[in-house]
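Student: below is the structure, and that's it, no one-letter string:
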């Protein structure tokens with residue numbers, strides 16, 4: 001399994017038209033050809049005018065075959081003509097699931113907000129970081145945060161990165177769960193071991209696009 005993680009930044013003022021137009025004309029075509037969308041999110045806090053979408057494939061060959069079929073679809077060609085000029089920047093990276101993904105969710109429920117986190121690991125330390133997280137970090141986050149949407153490791157594009165996405169019913173619930181996590185006596189054990197292996201950490205809060213369903 002691989003995932004294609006796509007981040008698009010719209011020109012100021014173009015985000016509402018992009019989301020509505022894509023939901024009406026673009027998403028149905030992509031769902032038809034690409035298959036499973038693990039997430040389609042819109043930035044709420046962080047870099048604004050930005051959307052993130054994550055598509056799952058069996059492998060690179062499966063991705064190429066599906067995207068070639070989509071590119072030849074007249075409906076997709078028509079959508080591209082409609083959407084031309086709205087995006088200021090488009091970027092993507094191919095990632096693989098972490099060894100422990102999928103993560104069993106202890107707190108499933110409605111998704112109101114998503115905490116999207118990208119960590120860059122020090123060169124040569126990715127395997128060590130994933131081991132430290134699996135042994136010391138994951139049990140605590142699984143207990144307290146409880147609803148993981150994705151945990152991926154970069155394969156093509158920016159290297160030494162991990163992307164993890166946690167879902168919450170609301171911003172307030174996110175704050176409550178993270179406070180409980182920070183107060184857990186096992187959390188500092190992970191912090192001492194895991195964060196020493198990181199080069200940088202960044203996150204943004206995003207909301208699900210109106211047309212996306214978690215199991216869609």
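Tutor: Cool, the structure landed. Since the structure is predicted, the reported quantities are computational estimates derived from the model, not experimental observations.
Student: use CA for all of it now, contacts and neighbours both
Tutor: Noted.
Student: for the residue nearest to the spatial centre of the chain, give its distance to residue 53.
Tutor: In the chain, the residue lying closest to the centroid (CA atoms, centre = their mean) is residue 165, at 5.4 Å. Taking CA to CA, to the nearest Å as the measure, residue 165 falls 12 Å from residue 53.
Student: same thing with residue 116?
Tutor: Counting by CA to CA - residue 116 and residue 53 are separated by 11 Å.
Student: same question, residue 137
Tutor: Using CA to CA, one gets 26 Å for the distance from residue 137 to residue 53.
Student: just the residues contacting stretch 156-167, thanks.
Tutor: 92-95, 111-124, 126, 145-154 (CA atoms under 8 Å, 6 or more residues apart in numbering).
Student: looking at those residues, which are in helices?
Tutor: Counting by DSSP state H, those place residue 126 in helices.
Student: got the contact list for residue 149?
Tutor: Residue 149 is in contact with 38-39, 164-167, counting by CA under 8 Å, 6+ apart.
Student: now stretch 147-156: how far from the chain's centre is it?
Tutor: Between the centre of stretch 147-156 and the centre of its chain there are 7 Å (CA atoms, centre = their mean, to the nearest Å).
Student: kindly report the same for stretch 78-87.
Tutor: Centre-to-centre, stretch 78-87 and its host chain are 23 Å apart (CA atoms, centre = their mean).
Student: for stretch 133-145, same thing?
Tutor: For stretch 133-145, the distance to the chain centre is 18 Å (CA atoms, centre = their mean).
Student: what about that stretch, how long is it end to end?
Tutor: Note: stretch 133-145 ends 14 Å apart using CA to CA.
Student: now do the SS call for residue 61.
Tutor: helix (DSSP: H, G, I helix; E, B strand; the rest coil).
Student: neighbours around it, how many?
Tutor: 10 (other CA atoms under 10 Å).
Student: measure it to residue 1 for me?
Tutor: 11 Å.
Student: gap between the residue nearest to the centre of the chain and residue 105?
Tutor: To residue 105, residue 165 is 12 Å away according to CA to CA.
Student: identify the residues contacting residue 203.
Tutor: By CA under 8 Å, 6+ apart, the contact set of residue 203 is 46, 115-118.
Student: again, only using 7 Å
Tutor: 115-118 (CA atoms under 7 Å, 6 or more residues apart in numbering).
Student: save those as CSV, and put in pLDDT, neighbour count and distance to residue 193 too.
Tutor: Formatted as CSV, the contacts of residue 203 follow (pLDDT from 0 to 100; neighbours: other CA atoms under 10 Å; distance: CA to CA, whole Å):
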residue, pLDDT, neighbour count, distance to residue 193
115, 98, 19, 22
116, 98, 20, 22
117, 98, 16, 19
118, 98, 18, 18
